[in-house]
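# Fold the following for me, if possible:
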Amino acid sequence: MDTLVSYAGPEDTGDGSARLTLDSPHNRNALSSKLVAQLHAGLRDAAADPNVRVIVLGHTGNTFCAGADLSEATDGEPREPSDLAADRAREMAALLRAIVESPRPVIGAVDGHVRAGGMGLVGACDLVVAGPASTFALTEARIGVAPSIISLTLLPKLAPRAAARYFLTGEKFGAAEAAEIGLITQAVENSADVATCVADLIAGMRLGSPQGLAASKALTTAAVLDGFDRDAERLSVASARLFVSDEAQEGMLAFLQKRPPRWAGPA
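Prediction:
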């Protein structure tokens, strides 16, 4: 199997961290089934290693994560069965939950584009540092769907007015705005400063005990996990219904074919 997520443990990093790096630049680190499975496995490995104090989620290339792999969603039959779409939504929900409920703090290290489902990963991280090459956008409405599953990690973090704006417009914004609205922890002005800032955060966390860190993180994530318990299944079904709709099939094909979508009704 191709390695789409590389793993480096504390014996390699030397700072008590495990590094999970999204490494699928050919499709801009899109959330294919294989990448999701490997990221899930990496999170489990890091949580099971008693020498890991903190997890860093990073990326190769100029895109952190482009969101769902639309080539999978439109593969084969023109309309994918709703039960398969629901299973994919549940898979995404399980991945985001694994980040949120990991006993190890998770730091996102971003210096590239973040779109759609990639925004959910950012929202799931406990802390996020973003560099000047970072741009963010929630573009689901433009292809006929909605940020259903990722709302579980985004809505608890974003200022309500900002959530409404960016959920509906799909417009891009940068790292400084992302910090202002609560999406990320810190925006830095130089790309090299992402690693420096992440190193400082790791150094601070290494002063805490494993038990203390896990218990402290649990206090900050309890309400988010309550949202998963309450809404994840409902949102998975709703997401599947949107993905197999005529509008979404047209939107995804238009995106892949780099043309404007042909929506029914008034523009």
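# Make sure residue 3 is actually in contact with residue 22.
No: using Cβ atoms under 8 Å as the test, residue 3 is too far from residue 22 to be in contact (10.9 Å). In short, each C-beta sits where N, CA and C put it, glycine included.
# Which of those two has more residues huddled nearby?
Neighbour comparison, residue 3 and residue 22: the larger count goes to residue 22, with 26 against 12 (by other Cβ atoms under 10 Å).
# Bridge partners for the more buried one, pull those for me.
residue 5, residue 59 (DSSP bridges).
# any common contacting residues for residue 3 and residue 22?
Counting by Cβ atoms under 8 Å, 6 or more residues apart in numbering, residue 3 and residue 22 have no common neighbour.
# ok, residue 9 - contacts?
18, 45-46, 49, 51-52.
# Could you pull up phi and psi at residue 183?
Main-chain torsions, residue 183, degrees, to the nearest 10: phi -70, psi -40.
# What is the neighbour count of it?
Neighbours of residue 183 (other Cβ under 10 Å): 25.
# and it, how far is that from residue 97?
19 Å (Cβ to Cβ, to the nearest Å).
# picking up where we left off before, closest one of the contacts of residue 9 to residue 129?
The shortest approach to residue 129 among those belongs to residue 18, at 16.7 Å (Cβ to Cβ).
# On the three-state scheme, that closest one is what?
strand (DSSP: H, G, I helix; E, B strand; the rest coil).
# Geometrically speaking, which residue is the centre of this structure?
Centroid-nearest residue in the chain, with Cα atoms, centre = their mean: residue 121, separated by 1.8 Å.
# Now the closest residue to that one other than its chain neighbours: phi and psi?
For residue 121, ignoring the flanking residues on the chain, the nearest one in space by Cβ to Cβ, 6 or more residues apart in numbering is residue 65 at 5.8 Å. Backbone geometry at residue 65, expressed as degrees, to the nearest 10, gives phi -160, psi 130.
# if I look at residue 65, how far off is residue 221?
According to Cβ to Cβ, residue 65 stands 21 Å off from residue 221.
# From the neighbour counts alone, determine which of these two ranks first.
residue 65 (27 against 19).
# the helices in this protein, which residues?
10-13, 33-48, 70-73, 82-101, 117-124, 151-154, 160-169, 175-180, 192-205, 210-243, 246-256 (DSSP state H).
# Dump those to JSON lines, plus distance to residue 262.
JSON lines is the format used below for the helices of the chain (distance: least, Cβ to Cβ, whole Å):
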{"stretch": "helix 10-13", "distance to residue 262": "49"}
{"stretch": "helix 33-48", "distance to residue 262": "29"}
{"stretch": "helix 70-73", "distance to residue 262": "17"}
{"stretch": "helix 82-101", "distance to residue 262": "22"}
{"stretch": "helix 117-124", "distance to residue 262": "25"}
{"stretch": "helix 151-154", "distance to residue 262": "27"}
{"stretch": "helix 160-169", "distance to residue 262": "21"}
{"stretch": "helix 175-180", "distance to residue 262": "32"}
{"stretch": "helix 192-205", "distance to residue 262": "41"}
{"stretch": "helix 210-243", "distance to residue 262": "18"}
{"stretch": "helix 246-256", "distance to residue 262": "6"}
